[in-house]
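Visitor: What shape does this take:
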Amino acid sequence: MPPFNLYPLLAFGLVNLPMLGWLAAAAAPILIHLWSRRKYREMSWAAMEYLLAAVQRQTRRLLFEQWILLAIRTLLVVLIVLAVAEPYLERTGMAFTPGSHTHRVLVIDGSYSMAYMPTDKSRFDRAKELARQIVEESPEGDAFTLVLMSSPPRVIVGTPALEPSEIVQEIDGLRLPHTTADLPATVALVLPLVRSVQRENPRLARHEVCFLTDLQRLTWAPQLSEAAMSEFLRQSGELAQAAALQVIDLGQPGAENLAVTGLRTLDPLVAVGRGVSLEADLKNFGRQARSRQPVELLVDGRRIEQKQLDVPADGESSVDFSYRFEAPGDHAIEVRAPGDALEVDNRRFLVVPVRESLRALCIDGRPSGTPFRGAADYLAVALAPQGADADRALVHPEVATESALLERSLSGYDCVFLCNVAQFTAGEARVLDTYLKSGGSLVFFLGDQVLADRYNHELGGGAGQGGAAGPNLLPARLGSVADRPQFRLDPLDYRHPIVQAFRGRGQAGLLTTPVLKHFKLDLPKDSPAKIVLAMANGDPLIVEQPVHRGRVVLVATSADASWTAMPLWPSFVPLVQEIVAWCAGGQLQQQNIMVGEPLDAAITAQSGIFTARSGPPLGRNRVCAVNVDTAESDLSQVDLDELRNDVWPGVPFTHHTSWQDAGGPSVGGPARGGAYLPVDILYLVLGLLFLETLLGWRFGYHG
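Guide: Just a heads-up that it's a prediction; the model follows:
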């Protein structure tokens, strides 16, 4: 037999016990009555004898009337005091504890694994349903705050709500974001919320934090550094001291799930009329193999092709598609793999900017009227090769002097090449910085005119000409000039996309390119810059780094034949073409982001295809694809032992699978719809006041 059956079925209590001190005021009518009797002096006179004889005949009736009125007036005082003390009578299966109002923090898991639908309702819908039930079944006078545990977590209702309809309306309005969830950040958010309510609402003597969650492993077993884990446990312990922690488990052990984990184009630059190769990855997070899993390709909302593939249990598979775009612009690609209980991760999106051509501006720091004597002449030819390679001439280069940086609008160019430019002014540095912020790319070729100190000061984040720090645009600082010739290059295992096309093509001559002089490049510690190509002695030759929304490539030698034979080598044209394609691919990266990353001025919380509209001065529309983090697609849970020993060691909490398992309202207050007595007592007071007035009139006095 359950232990709570050993306790009485009815319990009586008082919420505001100190108010009972005012019961002393109930003696006031009695004292007034006694005082009224003592304030008169008794004197005998002849006529009084006859009156006393008449009064004695009615003494019993008068005493009865006075006692009735005295009892009613005393009872009125007692009832008013009791009403303020808020008594209640509750049917309960638990031992009686004098009740007090409770503040409940409802923390609803907002990670997209809560969209899993084991039945006709998702876990998130079930969490909202239970949250409403908690509100409706909690005692009168309890207050509620509401937090959505996502990444980052959000406070939906921060001021304690006393009216059930208000908090229920907010619960019903919750929409599940397609994000992961951050448990440490949620604890850090809830702790000051509880402390604030403790300070500002002393009537709320008890506090509870109810986590409605599927206990998905990514959320509840966070991978933290030692310092971060220590801080998480400290805050969790303090929260458990300030409030009772309840974990209501909505997950299902062994849940199966399939997700589209990747979608990409194998061509960094997509041109009109040319086929593009697409590749999608699928992962099976379940224990059952998926045979003949359908996978659909959609382009601009139209279904183009469907394939089938087998995905092994707890394994991955890839599928290839190809498509040719006939019109320029941004095109939306979607791959679907329908058929399981979690639809959110069955789709993957990709936006591909399709170009008719690219415009490149080549700044010649040493112009010459003689062909192939200027610093950018070889580069211009490599960007738009003639003859047999004319069909690859997607780039339209323009050669200009340094003055073009301030005289022209750079926004019309996809890439700007700066060849052997001696130095930059602060104004030119700001122009280049603005250009990178708009999504353009810069490629620096150095040479004999370059002043390393001026580059480092104006473009490397050092003190500019005006004394203030200039923009940091360079992926590496320029050092001294090395004039010891190198005749061998190191492709670093062809890891970088710019040189991947040269793998297995030794006849291209990339590795045997002679470099007579070059600047030594110094990459800062912990820099995001990457070395694309190095020389045999280990010196970086080509370094790249994303800057703002654009990309910057720094080549340590020249673009002409003064410092290197590279422009004369057969590898120069394909190398320049790969650099341009990689720079143009930066736009592809900008238009394909993850949920939670900024999209212009907004933060995305849903996956799909979106159009970002920017106002003046840009005044443009940008189509973007937003995808989920498929780490959340693994639906495995932490079990209770892990929760107690690894996640919250030493932190007291209770684990339940429903609100009923938690025992419903966990304090000794009256449940809504139960015997809450203050209102009934006040109605009784009104009735007694009416009765006292009626009897006073009937008895002929009101004293």
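Visitor: rest of the way, CA atoms for contacts and neighbours
Guide: Will do.
Visitor: Which residue is the nearest non-sequential neighbour of L473?
Guide: Once flanking residues are discounted, L473 sits nearest to L459: 5.3 Å by C-alpha to C-alpha, 6 or more residues apart in numbering.
Visitor: what about the one you found, distance to S411?
Guide: Between L459 and S411 the distance is 19 Å, computed by C-alpha to C-alpha, to the nearest Å.
Visitor: And for S558?
Guide: The spacing between S558 and S411, counted by C-alpha to C-alpha, is 26 Å.
Visitor: Of the two, which one has the most company?
Guide: S558 (26 against 14; other C-alpha atoms under 10 Å).
Visitor: ok, R324 - contacts?
Guide: Residues near R324 by C-alpha atoms under 8 Å, 6 or more residues apart in numbering: 272-276.
Visitor: for H548, same thing?
Guide: Applying C-alpha under 8 Å, 6+ apart, the residues contacting H548 are 436-437, 439.
Visitor: Over to M114?
Guide: Each residue near M114 by C-alpha under 8 Å, 6+ apart is listed here: 122-124, 176, 213-214.
Visitor: Please repeat the previous calculation with a cut-off of 10 Å.
Guide: If you count contacts by C-alpha atoms under 10 Å, 6 or more residues apart in numbering, M114 has them with 108, 122-127, 176-178, 180, 213-216, 250-251, 342, 632, 635.
Visitor: and what of L183?
Guide: For L183, the contacting residues are 109, 149-153, 189, 218-222, 232, by C-alpha under 10 Å, 6+ apart.
Visitor: and what of F417?
Guide: Taking C-alpha under 10 Å, 6+ apart, one finds 360-364, 376, 379-380, 397-399, 441-445, 552-553, 559, 580 in contact with F417.
Visitor: Any quick ChimeraX command for the buried ones out of these?
Guide: Selection of buried members from the contacts of F417 for ChimeraX, criterion 16 or more other C-alpha atoms under 10 Å:
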select :360,361,362,363,364,376,379,380,397,398,399,441,442,443,444,445,552,553,559,580
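Visitor: part of a strand, is L245?
Guide: Yes - under DSSP: H, G, I helix; E, B strand; the rest coil, L245 falls within a strand.
Visitor: from memory L473 sits against G461, does it?
Guide: Yes - taking C-alpha atoms under 10 Å as the definition, L473 is a contact partner of G461 at 7.4 Å.
Visitor: which residues do those two both contact?
Guide: Y455.
Visitor: Those two: which is more packed in?
Guide: Using other C-alpha under 10 Å, the more surrounded residue of L473 and G461 is L473, with 24 against 17.
Visitor: Check the spacing between the more buried one and I248 real quick.
Guide: Distance, L473 to I248, using C-alpha to C-alpha: 51 Å.
Visitor: Please report phi then psi for F349.
Guide: Main-chain torsions, F349, degrees, to the nearest 10: phi -120, psi 150.
Visitor: what ranges do the helices span in the stretch 101-250 of the chain?
Guide: 123-137, 164-172, 183-200, 217-220, 226-242 (DSSP state H, counting those that start in this stretch).
Visitor: Sorry, slip of the keys, the one I care about is the stretch 451-600 of the chain.
Guide: Taking DSSP H, counting those that start in this stretch as the test, the helices found in the stretch 451-600 of the chain are 452-459, 497-500, 572-590.
Visitor: Mean pLDDT lowest where, among these?
Guide: Least confident of those, judged by mean pLDDT, is helix 572-590 with a mean of 88.
Visitor: mind listing what the residue lying closest to T159 once chain neighbours are set aside touches?
Guide: Spatial nearest neighbour of T159, excluding adjacent residues (C-alpha to C-alpha, 6+ apart): T145 at 6.5 Å. Shown in contact with T145 (C-alpha under 10 Å, 6+ apart): 103-107, 155-162, 167, 190, 193-194, 197, 209.
Visitor: pLDDT wise, what is T145 at?
Guide: Predicted confidence (pLDDT) for T145: 97.
Visitor: What of P616?
Guide: Reported pLDDT for P616: 49.
Visitor: Repeat that for the one 3 residues further on.
Guide: Among the per-residue scores, G619 shows a pLDDT of 48.
Visitor: Show me how the protein divides into domains.
Guide: Domain segmentation of the chain under automatic domain parsing yields 3-94+678-699, 101-254+640-667, 258-355, 358-583.
Visitor: Tell me which of these approaches Q606 most closely.
Guide: domain 101-254+640-667 (5.0 Å; C-alpha to C-alpha).
Visitor: residues in contact with Y323?
Guide: Taking C-alpha under 10 Å, 6+ apart as the criterion, Y323 is in contact with 273-278, 297, 299, 304-305.
Visitor: Apologies, that question was intended for Q500.
Guide: Q500 is in contact with 491, 493-494, 532, 578, counting by C-alpha under 10 Å, 6+ apart.
Visitor: ok, 7 Å please
Guide: Y494 (C-alpha atoms under 7 Å, 6 or more residues apart in numbering).
Visitor: Could you do T513 as well?
Guide: Per C-alpha under 7 Å, 6+ apart, neighbours of T513: 487-489, 565-566, 569.
Visitor: end-to-end on stretch 325-342?
Guide: End-to-end distance (C-alpha to C-alpha), stretch 325-342: 32 Å.
Visitor: Identify the residues contacting that stretch?
Guide: Residues outside stretch 325-342 that contact it (C-alpha under 7 Å, 6+ apart): 115-118, 257-258, 260, 272-274, 294-300, 346-356, 623.
Visitor: filter the contacts of T145 to the buried ones?
Guide: Among the contacts of T145, those classed as buried by neighbour count (16+ other C-alpha under 10 Å) are 103-107, 155-158, 160-162, 167, 190, 193-194, 197, 209.
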